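Q: output the structure for:
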Amino acid sequence: MSVNALFSRSRFTIVLLFLLINLGTFALLRVALLIKQLVDIDTPIYQIALAFLIGMVHDLAFFSYLLIPFVLYLLVLPNRIYQSKIHKIISFSVFIVCLYGLFFIELSEWTFWDEFGVRFNFIAVDYLIYTHEVVSNIIESYPLGWLLSGILAITAICFLLVRKTLSRTFNAEESFLSRLKITGVLLLLPVISYAAVDSTWYQFSTNTYLNELAANGPYQFFSAFRNNELDYRHFYKVGDDRQLSSVIKKQLGAEDASGDLYDIKRMIKPAGEEKRLNVVLITVESLSADFLATFGNKENITPYMDEWFKEGLLFTNFYATGTRTIRGLESLTLSIPPTPGQAIVKRPDNGNLFSFGRVLQQKGYDTAFLYGGRGYFDNMNAFYSGNGYRIVDQTDFTPEEITFTNAWGVSDDIIFNRTIKEADQDFKNNKPFFFQIMTTSNHRPYSYPEGKIDLPSGSGRQGAVKYTDYAIHQFIEQAKTKPWFDNTVFVMVADHCAGSARKTELPVDKYHIPLFIYAPKHVPATRNDIVSSQIDVAPTVLGFLNLNYESQFYGRDIMQMHKDEGRALVSNYQKLGLFKGNKLVYLSPQQKVDVIDDPLGAHKQLDMDAAASLVTENMAYYQSADYIWSHRLSRYQ
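A: Down below sits the predicted model:
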């Protein structure tokens, strides 16, 4: 049978034509991503071939869902209308729009991969919600006009190539019964996909880039949208609650707590009098440790911080718990392990939680969250206001204060200047303050006020890091002139690293961030190399204040930890890790447990039995955190 005859026999061949274009486009994107990441995909050729095969299955699964409304439309439309000239024009128009949408998605996937090293995931879902920041960021970061015009040109060329073939489908003459049979067959495809294609099928390799290559971006997007919060007990390996409750209580020094399941409440009673010190917690956007000369960087982009770190307490073996700002804020504020799925900051019913701010509120502190952008982004304002914080964000600045903005908000010097004003006011009112600041400048499009540093605005990540270094310098120098400076503890930490994509599933080195505590009158200048993470910030800072309080924190005062007790919790949205004793244990959906020896070096896979006690400890952290959250045990009235 000739091609002409084939495409004139059934109206449903228009679906086949679009399928072939989809498969070809998705395959070309895989080839492009493979070339881009080839140096990191050091696997046998058969595994690459398998990735393409699995990828095609996911492509077909995505297309099977996409075709449902079109198939139903083709079923019910009478032949007379289907073959009409007006319907042909409408069909051509819809086909062109669908082509443009397909190529636009592929461009979006490429830019998303360029930023995060993965296919669409929870981050893409969030970005769809916060259109102002995201669209502004894209406009400021990419030559959008040229890119959209390029997509339009590709769309036009593709349509012209298939127009004659497409036209022949309008010659088809089919009875309703014939159309119904074809529809039944085609609608079996999404049913089969739903039943047989699991959203984690693409994770067939130990090489993360290869797994992502095997995925389908739009398919992963809708999977992430659906699985915003994972049912821990359904997806993860579960242990005996009584045993794990005992383990976590021992880890946190809560053995004397009540016998209730996962009751980790315990009294913190340091020696000496309480200190009524102010606390300023600066959370710097995307400040990886490897940006700093202190940790080996040779680009001289943090000249101030590298000298400043010699004047206070630097934690050199410190790790972020996740890969997103809200995951960092969750850990710093609540001192809890990262539960799978979305961060607590984004979940409903997340108010009145035991937190860093709650402890200081009870001691009479003014607690405020200061953010250079609009705090509705990532639900930050709702979360912090629901937990007793005062909110200061971009909407609270006067026109005179806003001397520079970009897609993500005001530049860092502006938020620091506002912090000085807030501190002056609290000092005038004789009220101690706790300020949590979230910066924005170290984020694409990497723009900042001109003339502040020797790198031009918008030139890249290095410039944004150096500008933030400059802004922190100006802030500290201003603070030194204030009467409240000597009684203030400054804490600087990153929310997460600039990127977390690597060949391994949980690359521990890509969670390495700085933590620095500075208070010349109260904190000695030294270094601490105990393995620790963001959940330890709150209890450590409160330790310097000598505060007595009832704790529900999972973190511990790092200054009171022995070196062999050091551990860090690291995670992405699904994999829940514990890094301790140069071993990494992580839990994954489908009740999987992986043990890695020397995750910062040789990265050798071990049997679960080789680190049985560490596996149990890992399960104790995450299973208890899920239990406490789901049973509302960390709430206050």
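
Q: averaged pLDDT, the helix or strand where S613 lies. What do you get?
A: Counting by DSSP states H and E, the secondary-structure element that holds S613 is helix 612-630. Averaging the model's pLDDT scores along helix 612-630 yields 96.

Q: list the buried residues in it.
A: Within helix 612-630, the residues that count as buried by 16 or more other Cβ atoms under 10 Å are 614-615, 617-629. Using the backbone N, CA and C atoms, a C-beta is placed for each residue, glycine as well.

Q: among the residues you listed, which pair sits farthest apart?
A: L614 and W629 (23.1 Å; Cβ to Cβ).

Q: got the CA coordinates for the one helix or strand V15 maps to in CSV?
A: For V15, the host element (DSSP H and E) is helix 13-36. Extracted as CSV, the C-alpha positions of helix 13-36 are listed here (Å, rounded to 0.1, in the frame of the first residue of the first chain):
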residue,chain,number,x,y,z
THR,A,13,-3.6,8.7,10.7
ILE,A,14,-3.3,12.4,11.7
VAL,A,15,-2.7,11.1,15.2
LEU,A,16,0.0,8.7,13.8
LEU,A,17,1.6,11.6,12.0
PHE,A,18,1.9,13.7,15.1
LEU,A,19,3.1,10.7,17.1
LEU,A,20,6.0,10.2,14.6
ILE,A,21,6.9,13.9,14.9
ASN,A,22,6.8,13.6,18.7
LEU,A,23,9.0,10.5,18.8
GLY,A,24,11.5,12.1,16.5
THR,A,25,11.7,15.3,18.4
PHE,A,26,12.0,13.6,21.8
ALA,A,27,14.8,11.4,20.3
LEU,A,28,16.7,14.4,19.0
LEU,A,29,16.5,16.0,22.4
ARG,A,30,18.0,12.9,24.0
VAL,A,31,20.8,12.9,21.5
ALA,A,32,21.5,16.6,22.3
LEU,A,33,21.4,15.9,26.0
LEU,A,34,23.7,12.9,25.6
ILE,A,35,26.2,15.0,23.7
LYS,A,36,26.0,17.7,26.3
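
Q: after that helix, heading C-terminal, what element do we hit next?
A: From helix 13-36 onward toward the C-terminus, using DSSP H and E, the following helix or strand is helix 45-66.

Q: hmm, who's touching that following helix?
A: Contacts to helix 45-66, defined as Cβ atoms under 8 Å, 6 or more residues apart in numbering, come from residues 19, 22-23, 26-27, 30, 34, 41, 189-190, 192-193, 197, 201-202, 204-205, 207, 210-211, 213-216, 218-219, 222.

Q: where does the stretch 351-500 of the chain dip in pLDDT?
A: Per-residue confidence for the stretch 351-500 of the chain (pLDDT under 70) gives these ranges: 500.

Q: strands of that one, residue ranges please.
A: Counting by DSSP state E, counting those that start in this stretch, residue ranges of the strands within the stretch 351-500 of the chain are 366-371, 390-392, 405-406, 409-410, 433-438, 488-494.

Q: quick one, what contacts Q37?
A: G117, Y209, L213.

Q: mind checking which of these are in helices?
A: Secondary structure assignment (DSSP state H) places Y209, L213 from the contacts of Q37 within helices.

Q: out of everything not next to it in sequence, what's closest to E255?
A: Taking Cβ to Cβ, 6 or more residues apart in numbering, and ignoring the residues beside it in sequence, E255 has K249 as its nearest neighbour in space, at 5.4 Å.

Q: which residues touch the spatially closest residue to G458 that is not a sequence neighbour?
A: Counting by Cβ to Cβ, 6+ apart, the nearest residue to G458 once its immediate chain neighbours are dropped is S447, at 4.6 Å. Contacts for S447 were tallied using Cβ under 8 Å, 6+ apart; they are E140, N406, S441, S457, G458, A464.

Q: and S447, how far is that from R461?
A: Here S447 is placed at a distance of 12 Å from R461 (Cβ to Cβ, to the nearest Å).

Q: now do N350
A: Counting by Cβ to Cβ - N350 and R461 are separated by 31 Å.

Q: then G566?
A: Counting by Cβ to Cβ, the gap from G566 to R461 is 30 Å.

Q: those two: who's more crowded?
A: Using other Cβ atoms under 10 Å as the criterion, G566 and R461 rank with G566 on top: 21 against 17.

Q: quick check: that one touching I530?
A: Yes - counting by Cβ atoms under 8 Å, a contact exists between G566 and I530, whose distance comes to 4.1 Å.

Q: list the residues that contact both of those two?
A: Common contact partners of G566 and I530 (Cβ under 8 Å, 6+ apart): N317.

Q: please identify the helix or strand for the residue nearest to E255.
A: Counting by DSSP H and E, the element that carries K249 is helix 241-252.

Q: packing partners for the following helix or strand past that helix?
A: Using DSSP H and E, the helix or strand that follows helix 241-252 towards the C-terminus is strand 266-268. Applying 3 or more Cβ pairs under 8 Å, 6 or more residues apart in numbering; DSSP states H and E, we find strand 266-268 packed against strand 549-551.

Q: so what's the gap between the strand it packs on and the chain middle?
A: If you compare the mean C-alpha spot of strand 549-551 with that of the full chain, they lie 30 Å apart, counting by Cα atoms, centre = their mean, to the nearest Å.

Q: tabulate the CA atom coordinates of the helix or strand following it in CSV.
A: Stepping forward along the backbone from strand 549-551, the first helix or strand reached (DSSP H and E) is strand 568-571. Taking Å, rounded to 0.1, in the frame of the first residue of the first chain, the C-alpha atoms of strand 568-571 are listed here in CSV:
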residue,chain,number,x,y,z
ALA,A,568,24.4,15.0,57.9
LEU,A,569,21.0,14.4,56.4
VAL,A,570,20.9,15.0,52.6
SER,A,571,18.0,14.4,50.3
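
Q: show residues contacting strand 568-571.
A: Where contact means Cβ under 8 Å, 6+ apart, the residues beyond strand 568-571 that reach it are 318-322, 327, 337-338, 340, 506, 508, 511, 531-533, 535, 576-580, 584, 586, 621.

Q: rounded mean pLDDT for it, please.
A: Per-residue pLDDT values across strand 568-571 average out to 96.

Q: what are the pairing partners of the helix or strand following that strand, and which direction each?
A: The element immediately downstream of strand 568-571 (helix or strand, assigned by DSSP H and E) is strand 576-580. Within its sheet, strand 576-580 is paired with strand 568-571 (antiparallel), strand 583-588 (antiparallel), according to DSSP bridges.

Q: thank you, goodbye.
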